[in-house]
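Novice: Let's see this in three dimensions:
(2 chains)
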Amino acid sequence: MTDLNPHDGHGSQQAKLGHSPVADVPHVLRVTDTDPKAARRAERQVASMFVLSMVLVVAFVVAYWTIDKSTNVYIPVFGEVGLMTIVLGLTSGLSILLIGAGAIQWAKKLMPDVEVVQMSHELVSPEDATAEAAANYERGKEESGFARFKIIRRSLIGAMALFPIPLVFLLRDLWSSPVSGTLTPDEILSKTIWKKGERIVVDATYQPIKPEDLPVGGLVSAVPASMNEVQEAEGNLNARGKAAIILIRMDPSEIVSQQGDGWDYQGILAYSKICTHVGCPIALYEQRTHHLLCPCHQSTFDLANSGNVVFGPAARNMPQLPIGVDSEGYLVAMDDFNQPIGPSFWERG
Amino acid sequence: MSTTSPVEKKGAAVATYADQRLGSNKFLARNLGKVFPDHWSFMLGEIALYSFIVVLLTGVYLTLFFKPSMVEVVYNGSYVPLKGIQMSEAYASTLDISFDVRGGLLIRQMHHWAALIFLASMTVHMFRVFFTGAFRKPREFNWIIGVVLVTMGLLAGFSGYSLPDDLLSGTGLQIARGIVQAIPVIGTWAAFLLFGGEFPGNDFISRLYSIHILLIPGLILALVTLHLIMVFTQKHTQFPGPGRTNENVVGYPLMPVYMAKAGGFFFIVFGVISLVGGLISINPIWIFGPYTPDQVSAGSQPDWYIGFLDGALRLMPNWETSLAGFTLSWNILIPALILPGILFTALGAYPFIEAWVTGDKSEHHLLERPRNAPTRTALGTMSISFYLLLLVGGGNDIIAIAFDLSINSITWFLRIALFVIPPIVFVFTRRICLGLQRRDQAKLLHGYESGRVLRLPHGEFIEVHEPLSVKELAVITSKKDIAPLPAPEKTDIDGVKNKKFKSHSRRAKLSRFFYGENVPLPSLAEIEAGQAHVAHDASLEAPLAAYEDADEIRTFHGGVLHHPGMPETNTEQAGQNAEH
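Specialist: All right, here's what the predicted structure looks like:
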């Protein structure tokens, strides 16, 4: 191999074959080039597309004023749809489309269709320009003394490295701890509003639940009874995002294990509803296998067996909430979760 | 000129007026006649550009009505099923746009469709650039800009999708927060700062809003401008063809043909998006309901462009390590951060990697046919198959339901397929490319098979070959025969040790891998011999063509040719013999 850069040459042979002039390909005249009648016809086609486009704009305006925005129509395949959206879309869409179709028809039928050859100018700058640029750079370097003043150069680099730091600091107050600024994120993530004696209520109706309300095989999505007040006070859904649980009931003999001794109540188990993978709420429960399936990434938990992961990307058990009943016989939490619920985080350990 | 029309005079006056203030005539003189090559695949980038313009226009309209606020309000608009329900202002104002602003739903759906088309056309445009080698020198920077644009497009899409604060988009954000939270050391804090505390908090929609309508579109706009300026100054690449060389551009001038075609095409894209936006419902947020962190609907699917990331999350095994009281969630880090990081870095670096492997330092303005770079083409299809498998993974629940399959087996199949199928695709593609190269070689040597079989007087059958068209000849011979880099010597002639021996021999090996099996073009002498052969075939066929029903013969394809007037079958021949 003597040819160090094989890319430079096409062999001249190929050049001869491959780069025959454009003239080698016979140019076929279009009908519109030879027949004036056809040319007139094309002219009329283009103009009528533009005219139709204008008509459609008028149709759009009429539709805007006349169609009631709540009118629905049934269209096969599309189903029940809003008439106004369809008509406005059709009229404006077609009016715009026709401008484009007209312009392209014009270009294809009536503008010259002979290809032209244009030589590329060289991308690389001529040598004198390169030399001048290099000279300017050298002069700048020399006159500024950037190379000579070592201490200036180094301190400048230091200053440039440090100056974005205030910008980073300014981001710190994107969040500040609500409770007198003392709680760190991981502490906040580790607590929910469940506490001993907190009643468990149905998430939509806030009905407290008695054990006999829940049949074997049944499932209820539930929240703490104080959820509404907390939500009102905090003005957001944060507490709900952590405290949501599901209650399920199975035959006590089917419970293989749970996360704490006697954390169930007569076969009623309470598990967090928030997936330990990336935090989707879970409610797909198969009562025969006691499996709970996350609809987002299909992590599957075995609720009869401590909420163990049996499939999917989640790495941690579904946290279990210890429950019991209060003096009036309603289900209550016996404590908060004994571990942070939801997705893992660095400080979680 | 005495025949100058008033319009032309006016045009000249405007040009002069502008020139005296902007010096624009120099630019116009050079560029109004600028030639652009024609090919359907060059329109893919145009679609991306035009759909982005539609996204901007419709997006500005939406900002007039949308309220990026998480303040809880009670809905009282005209969509009856949600009346009286508590929801964020963001969701309520999206409902208002959909039901109470006339044409609001049209614009919302156009915005969403245009965004999907923007991402799809960018992706396919990128495929075109990759498979034709258009990213090679001098266009490497523009390729990187393109990769950044795709990334920005993904962020723009996801941030917009999340703004309406409906149940589906909120679930997407919850996942995003789970991913941020998994970042080692800073993740928990990053998530808290981003969301203003816990999820969902009160701040995120308004923060996301400024990112979605200012930061990302500003960056995209700047990068698109740069992208186009570079296309303009470097000139557009062209496909090989008669008269097309590395030093010229063959095509139509900007004024008037390209102006009309490209301008017209903008209106076509705009029009089609309006039609689709009017006719096909997308993201019907009123069905999902307002966001609440304890609800989710089954079959939750992100928009298609996020699908591959969601698929990666679904397929990843549940690895997590606890180390000295800290948690590393590999099950999230690998699919959601490391994998896309590697994918996009490799994508951006590819032009430089290929140039290093091939040692190619020349400028390329003529596109390479995918078959002539089998290894590159195979790497491309391999990556696409990997991407598609992840995308399929993103829909594993839908597939399980649609085909009544076990979701566990689909997931396991995909986990294995991710490592098995792409290499198979690589090998197949490479073999197909090399096969096509051999086919090209055969065409050059023998012309192409006409399908007409000729029986010669002495009984031999031949198939008549025909010469290639000028166009095909130009296309096939555009191939450059490139020898792989030579293996380096351990020492040079003077016996001095080659310090870079290891890296150079690795590079030579890769180069052999890249080019080694390419089928060289035949020499001119061989091609000429082939053409002589084709001419000989034609001369043999000539007497046939001279018959009076020659037209019939020429249009006869396949089968056996008989001399006209001669018996067609044995029976016929026997009859004729009997007559004599």
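
Novice: Of all the residues in chain A, which one is nearest chain B?
Specialist: Residue nearest to chain B within chain A: A:G89 (1.0 Å; C-beta to the nearest C-beta). Placement of C-beta: from N, CA and C, glycine included.

Novice: ok, and the closest non-adjacent residue to that residue?
Specialist: Excluding the flanking residues, the one nearest A:G89 by C-beta to C-beta, 6 or more residues apart in numbering or on different chains is B:G278, at 1.0 Å.

Novice: tell me which strands and helices the helix or strand hosting the one you found is in contact with?
Specialist: B:G278 is located in helix B:259-279, with elements delineated by DSSP states H and E. Packed against helix B:259-279 by the contact rule (3 or more C-beta pairs under 8 Å, 6 or more residues apart in numbering or on different chains; DSSP states H and E) you find helix A:83-109, helix B:43-63, helix B:104-131.

Novice: tell me, how many neighbours does the residue in the stretch 251-400 of chain B that chain A sits nearest to end up with?
Specialist: Closest residue of the stretch 251-400 of chain B to chain A, C-beta to the nearest C-beta: B:G278 (1.0 Å). Neighbour count for B:G278, taken as other C-beta atoms under 10 Å in any protein chain shown: 26.

Novice: and the host helix or strand of B:A29, how far out from the chain's middle?
Specialist: Counting by DSSP H and E, the element that carries B:A29 is helix B:24-31. Centre-to-centre, helix B:24-31 and its host chain are 33 Å apart (C-alpha atoms, centre = their mean, to the nearest Å).

Novice: What of stretch B:9-16?
Specialist: Worked out by C-alpha atoms, centre = their mean, stretch B:9-16 lies 42 Å from the chain centre.

Novice: Now the lengthiest helix in chain A: buried residues?
Specialist: The residue-count maximum for a helix in chain A (DSSP state H) belongs to helix A:36-66. For helix A:36-66, the neighbour count (16 or more other C-beta atoms under 10 Å in any protein chain shown) marks A:39, A:42, A:46, A:49, A:52-53, A:56, A:59-60, A:63-64 as buried.

Novice: As CSV, could you dump the C-alpha coordinates of the helix holding B:A29?
Specialist: Output of helix B:24-31 as CSV, limited to C-alpha atoms (Å, rounded to 0.1, in the frame of the first residue of the first chain):
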residue,chain,number,x,y,z
SER,B,24,-28.4,42.7,-0.1
ASN,B,25,-27.9,42.5,-3.8
LYS,B,26,-24.5,40.8,-3.5
PHE,B,27,-26.3,38.1,-1.6
LEU,B,28,-29.2,37.9,-4.0
ALA,B,29,-27.0,37.8,-7.0
ARG,B,30,-25.2,34.9,-5.6
ASN,B,31,-28.1,33.0,-4.2
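
Novice: Next SSE downstream of it?
Specialist: Following helix B:24-31 toward the C-terminus (DSSP H and E): strand B:35-36.

Novice: Contacts only, for B:V496.
Specialist: Contact partners of B:V496, counting by C-beta atoms under 8 Å, 6 or more residues apart in numbering or on different chains, are absent.

Novice: ok, now B:K471?
Specialist: Contacts for B:K471 (C-beta under 8 Å, 6+ apart) come out as A:25, B:241-242.

Novice: Now the element after whatever helix or strand it lives in, going C-ward?
Specialist: Assigned by DSSP H and E, B:K471 belongs to helix B:470-476. Later in the chain than helix B:470-476, the nearest helix or strand by DSSP H and E is helix B:501-515.

Novice: Now do the SS call for the residue nearest to the spatial centre of chain A.
Specialist: Among the residues of chain A, A:C296 comes closest to the average C-alpha position under C-alpha atoms, centre = their mean, at 13.3 Å. Here A:C296 is coil, with the state taken from DSSP: H, G, I helix; E, B strand; the rest coil.

Novice: Distance check, it against B:A176.
Specialist: Distance from A:C296 to B:A176, counting by C-beta to C-beta, to the nearest Å: 12 Å.

Novice: Can you list the low-confidence ranges for the stretch 451-580 of chain B?
Specialist: Scanning the stretch 451-580 of chain B with the threshold set as pLDDT under 70 gives B:544-574, B:576-577, B:579-580.

Novice: Get me the contact residues on it for chain A.
Specialist: B:470-471, B:473-474, B:477-483, B:486, B:521, B:523-524, B:527 (C-beta under 8 Å from any C-beta of the partner chain).

Novice: Which PyMOL command selects the buried ones in those residues?
Specialist: To isolate the buried ones among those in PyMOL, judged by 16+ other C-beta under 10 Å, type:
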select buried, chain B and resi 470+473+474+477+478+479+480+482+486+521+527
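
Novice: quick one: which of the residues of the stretch 451-580 of chain B next to chain A is nearest A:L83?
Specialist: B:K471 (51.2 Å; C-beta to C-beta).

Novice: measure that closest one to B:G243 for me?
Specialist: 10 Å.
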